[in-house]
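In: Structure, please.
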Amino acid sequence: MSRLIQWILLAFFAVAGVVMGVLNPQAVPFNFPGGQVQWPLSVLLALAFAAGMLVMFLYSTARWLAWRLARRSLRRKLAACEAEKLELKRNRVEKARPSNTLPDKSHG
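Out: Model (predicted):
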């Protein structure tokens, strides 16, 4: 179901982009530190949108990688704690066991 929603959203944004391109065919000047260009407004909007998507992709990928590293570290710590817990249980059971030696009943 989510795959269908993704395709519907993709189609919606593609249609919206085509409509914006048709409605904004005029060329506008775009100044940047290295010079100036005159491109259609729709192209500039598409480039700005793509740049925003790229920035968000890089940011989310960095956050995802940081999350994976933290999760891996926490899993290692959890495994160590589980091993320690098991060892403590074993020690407690061994201490609670009665000894196998019977007391000497001959008094005399």
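
In: Please, where are all the helices along this protein?
Out: 2-23, 41-96 (DSSP state H).

In: Okay, buried residues for the first one please.
Out: Looking back up the chat, that one is helix 2-23. By neighbour count with 16 or more other CB atoms under 10 Å, helix 2-23 contains no buried residues. Just so you know, the C-beta spots here come from the backbone N, C-alpha and C atoms, and that holds for glycine as well.

In: ok, S42 - how many residues close by?
Out: 19 (other CB atoms under 10 Å).

In: That one touches A16, doesn't it?
Out: No: taking CB atoms under 8 Å as the definition, S42 is not a contact partner of A16, at 10.9 Å.

In: which residues are common contacts for these two?
Out: Counting by CB atoms under 8 Å, 6 or more residues apart in numbering, no residue touches both S42 and A16.

In: rewinding a little: who wins for proximity to G34 among the helices of the chain?
Out: Counting by CB to CB, G34 lies closest to helix 41-96 out of the helices of the chain; the figure is 15.1 Å.

In: Tell me which residue lies nearest the centroid of the chain.
Out: Most central in the chain under CA atoms, centre = their mean is W64, positioned 2.9 Å from the mean C-alpha point.

In: for it, what are its contacts?
Out: Not one residue lies near W64 by CB under 8 Å, 6+ apart.

In: what about it, distance to A14?
Out: According to CB to CB, to the nearest Å, W64 and A14 sit 26 Å apart.

In: show me the contacts for the closest residue to S42 other than its chain neighbours.
Out: Nearest non-adjacent residue to S42, counting by CB to CB, 6 or more residues apart in numbering: G21, 3.7 Å away. G21 makes contact with P40, S42, V43, A46, according to CB under 8 Å, 6+ apart.

In: I appreciate the help and will end here.
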